[in-house]
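# Below are the sequence and a predicted model; questions follow.
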Amino acid sequence: MTTHDGWLTPRSVTWGSVAVNSALAIGKIAAGLTCASQTILADGLHSASDLLTDAAVLAGLRVSQKPADRSHPYGHRRFSTLVAMFVGATLLGAGAWIAYSAVVALHDSPPMVRADLPFAVAVAAIPIKELLYQLTRRVARREGDLSLLANAWHHRSDAFTSIAAAIGLGGVLLGGPGWRMLDSLTALVLSAFLVVIAARVIVSSAEELIDRAPGERTLSRIRDAMGRTRGVVSFHAIRARKVGGKVEMDVHVQVDPQLTVREGHDIATAVKRAVMEADANIVEAIVHVEPTDRPGEAPQSS
């Protein structure tokens, strides 16, 4: 684990999230129960679900950073992918529950809502959760950790739900009892937003689990790096996959058949170093050396 930015590490930012989400969940749920506001209650339950994902991320950080062993010869990075999928599933469940509760409330006639306290709580939560999103996203991108990035989006979705909650509760506050249905309608809108975010996180995690290749930008960097490596005549059979937010790859490079085994090994080492320097997300590169029947040609892929 790197320690750039001093205290701003994956574990520290996630423990900070635990503290913030605990306080917000308690405040929102208390305000929702006291003031009969479904919107702020749903927002509070969303914050409470963040605690579950924080715990999952902390566990994932602990396991995914373990070195390879006999049972896991390729390491444990995929554990962070599973955690990201769990975060998405939790968010999806929260969205479905909020939608169900809102529909039931609209069908049964919305209760009388006291909107002043819930409105104040929702407004106060917005900058807090946005700051948490920015910090977590910064660390996630630096570390290339998909579970952290998913958790960052969980924070951003909480900030957005608080914005929507504030708008709906503000309408109830200004319009009076006749506008109390806005509380349930806002909760319904929030649920749709949560479902969309959850689907994006789940799809991204599933793509890693089925070994989807990284984007064309990464593949282009790999090709350029190998093409510039001295001694490489051509290369082919490039394979790359995303694992826990990082990239693992292997490739066959062709070299002059008159080279010694040591010289071929040195070229393979140079190729590995070049591709890993070309893209910081590449954490493993296996290079197979083959003789070519076209010695002296410019490097090319096939």
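Okay, I see it. Everything numeric in this text was worked out from a predicted model, so none of it was measured.
# Tell me which residue lies farthest from the centre of this protein.
residue 258 (47.9 Å; Cα atoms, centre = their mean).
# Give me the secondary structure label for that one.
Judged by DSSP: H, G, I helix; E, B strand; the rest coil, the three-state class of residue 258 is coil.
# For the stretch 151-300 of the chain, which segments count as strands?
Under the criterion DSSP state E, counting those that start in this stretch, the stretch 151-300 of the chain contains strands at 234-243, 246-255, 282-291.
# out of those, which comes closest to residue 221?
strand 282-291 (8.5 Å; Cβ to Cβ). For the C-beta atoms, the positions are set from N, CA and C on the backbone; glycine is no exception.
# quick one, the closest one and strand 234-243 angle?
If you take axes from the mean of the first three to the mean of the last three Cα atoms, to 10 degrees, strand 282-291 sits at 160 degrees to strand 234-243.
# Show me what strand 282-291 pairs with in its sheet, parallel or antiparallel.
strand 246-255 (parallel) (DSSP bridges).
# in the strand it pairs with, what's buried?
246-249, 251-255 (16 or more other Cβ atoms under 10 Å).
# any idea of the mean pLDDT in that strand?
The average pLDDT for strand 246-255 rounds to 90.
# again, but for stretch 152-170
For stretch 152-170, mean pLDDT is 80.
# now do stretch 282-297
80.
# which of the residues in that stretch are buried?
The neighbour-count check on stretch 282-297 (16+ other Cβ under 10 Å) flags 282-285, 287, 289 as buried.
# still on that earlier bit, tabulate the buried residues of strand 246-255 (a markdown table), appending distance to residue 135.
Below are these laid out as a markdown table (distance: Cβ to Cβ, whole Å):
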| residue | distance to residue 135 |
| --- | --- |
| 246 | 21 |
| 247 | 25 |
| 248 | 28 |
| 249 | 31 |
| 251 | 37 |
| 252 | 42 |
| 253 | 41 |
| 254 | 46 |
| 255 | 47 |
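# hmm, back to that, distance-wise, check the residue farthest from the centre of the chain relative to residue 268.
16 Å (Cβ to Cβ, to the nearest Å).
# do residue 193 as well
The gap separating residue 193 from residue 268 is 49 Å, by Cβ to Cβ.
# of those two, who's got more company?
Ranked by neighbour count (other Cβ atoms under 10 Å), residue 193 and residue 268 place residue 268 first, with 21 against 15.
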